[in-house]
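Undergrad: Could you work out the structure for the sequence below:
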Amino acid sequence: MTSPQDIQAEIRHSIVPIFTTPIANFRWPHMAQLNDELCREILLQEQQSQGIIRSNVGGWHSSTDFFTSDLPCVKALKSRIHGFITEMFSAFDASKEDPAIANLQLEGWANILRHGQYHSLHSHPNAFWSGVYYITGNPPPEHENSFSGKLELVDPRPGASVVYSERTNLYGRFLVNPVPGQMLVFPGWLQHQVHPYFGPGHRITIAFNAILANTV
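TA: I've put the predicted structure just below:
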C-alpha cells in the first residue's frame with residue numbers, strides 16, 4: 001500500500017518547471033569599501049556629465065561605457081559581474097562549449113535616483129542577460145513597508161496577474177527591496193521598473209547588459 005508520504009514525494013517529483021524565468025538574486029560579501037569607492041566616483045561623474053535619458057524619470061543615467069574605466073574599483077566590479085554572468089551562461093548552455101561565451105560583451109552604466117525619481121517600465125533589447133548591482137539600497141525606516149525605490153520584475157505570462165497570492169511563486173509580481181552589495185540578474189527581455197524613491201540622499205546602482213557576440 002502506498003503511503004501518504006510516498007504519494008507526496010511522487011507529486012513533487014512530477015512537477016516540471018515549464019516556462020520558468022531564471023532570476024539570480026545574489027549578495028556579494030565584503031563590498032563596503034568597494035561600494036564607497038564606486039559611490040565617490042559616480043557622484044563625481046554626475047558633476048562632470050549631464051548624463052542621458054533612457055528609462056529614468058528624473059535622476060542621472062551615465063553613458064553605457066561605465067566599464068571602460070581603468071579605475072580599480074570599476075575594474076573590480078566588472079570582473080565580479082563578468083565571472084557571474086559567465087556562470088549564468090554555462091548553467092543554461094546545454095553544450096557547455098559555446099564559443100560565443102568567450103566573446104561575451106559587458107556594458108554597464110550608473111544610475112542615481114533622489115527623492116521622487118524612478119525608472120519606468122522597460123526591458124533591455126539585444127541583451128541575453130541583464131542585471132543591476134546596488135551600491136546603496138534600503139530606504140529610510142519610515143518607508144520600509146512602502147514601494148519606495150523597489151525594483152519590480154514583471155511576470156511575462158499574461159494570465160499570471162489573475163492569481164493574487166503573494167505567498168506562492170505563482171503570483172505575477174516580484175518586488176525587491178535592495179540592500180548594498182545585492183545583485184539581480186535576469187533575461188534581458190524581462191520587463192522591469194523601479195518605483196519612485198522617497199528618501200533622503202541618493203539611490204545608486206550599476207545596471208548592465210551581457211551581450212553575446214553572435215547576437216549583435
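
Undergrad: Would you state the strands of this structure in chain order?
TA: 24-27, 56-57, 60-61, 105-113, 118-122, 129-134, 151-154, 173-176, 182-187, 192-194, 203-211 (DSSP state E).

Undergrad: Those strands: which one's closest to residue 34?
TA: strand 129-134 (10.3 Å; C-beta to C-beta). For glycine as for every other residue, the C-beta is placed from the backbone atoms N, C-alpha and C.

Undergrad: so who does the closest residue to residue 46 other than its chain neighbours touch?
TA: Ranked by C-beta to C-beta, 6 or more residues apart in numbering and with sequence neighbours excluded, the top spatial neighbour of residue 46 is residue 60, at 4.9 Å. Each residue near residue 60 by C-beta atoms under 8 Å, 6 or more residues apart in numbering is listed here: 46, 51, 110, 111, 112.

Undergrad: May I see the strands of the chain organised as CSV, with distance to residue 3 and mean pLDDT added?
TA: What follows is the strands of the chain, written out as CSV (distance: least, C-beta to C-beta, whole Å; pLDDT from 0 to 100):
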stretch, distance to residue 3, mean pLDDT
strand 24-27, 36, 95
strand 56-57, 57, 98
strand 60-61, 58, 98
strand 105-113, 51, 97
strand 118-122, 49, 97
strand 129-134, 43, 98
strand 151-154, 39, 94
strand 173-176, 36, 85
strand 182-187, 40, 96
strand 192-194, 44, 97
strand 203-211, 47, 97
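
Undergrad: Save these as TSV, and put in distance to residue 39 too.
TA: Converted to TSV, the strands of the chain look like this (distance: least, C-beta to C-beta, whole Å):
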stretch	distance to residue 39
strand 24-27	17
strand 56-57	18
strand 60-61	13
strand 105-113	10
strand 118-122	19
strand 129-134	11
strand 151-154	19
strand 173-176	20
strand 182-187	15
strand 192-194	18
strand 203-211	6
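
Undergrad: Residue 91 is nearest to which of the ones you listed?
TA: The nearest among the strands of the chain, by C-beta to C-beta, is strand 24-27 at 9.2 Å.

Undergrad: helices or strands up against that closest one?
TA: Counting contacts by 3 or more C-beta pairs under 8 Å, 6 or more residues apart in numbering; DSSP states H and E, strand 24-27 packs against helix 72-91, strand 182-187.

Undergrad: Just put those in TSV and tack on mean neighbour count and distance to residue 121.
TA: Formatted as TSV, the helices and strands packed on strand 24-27 follow (neighbours: other C-beta atoms under 10 Å; distance: least, C-beta to C-beta, whole Å):
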stretch	mean neighbour count	distance to residue 121
helix 72-91	16	23
strand 182-187	21	14
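
Undergrad: For residue 176, find the nearest of the ones you listed.
TA: Here strand 182-187 is closest among those (C-beta to C-beta), at 6.3 Å.

Undergrad: Report the angle between the closest one and helix 72-91.
TA: Counting by axes from the mean of the first three to the mean of the last three C-alpha atoms, to 10 degrees, strand 182-187 lies at 40 degrees to helix 72-91.

Undergrad: Just list what strand 182-187 packs against, helices and strands only.
TA: Using 3+ C-beta pairs under 8 Å, 6+ apart: strand 182-187 touches strand 24-27, helix 72-91, strand 129-134, strand 151-154.
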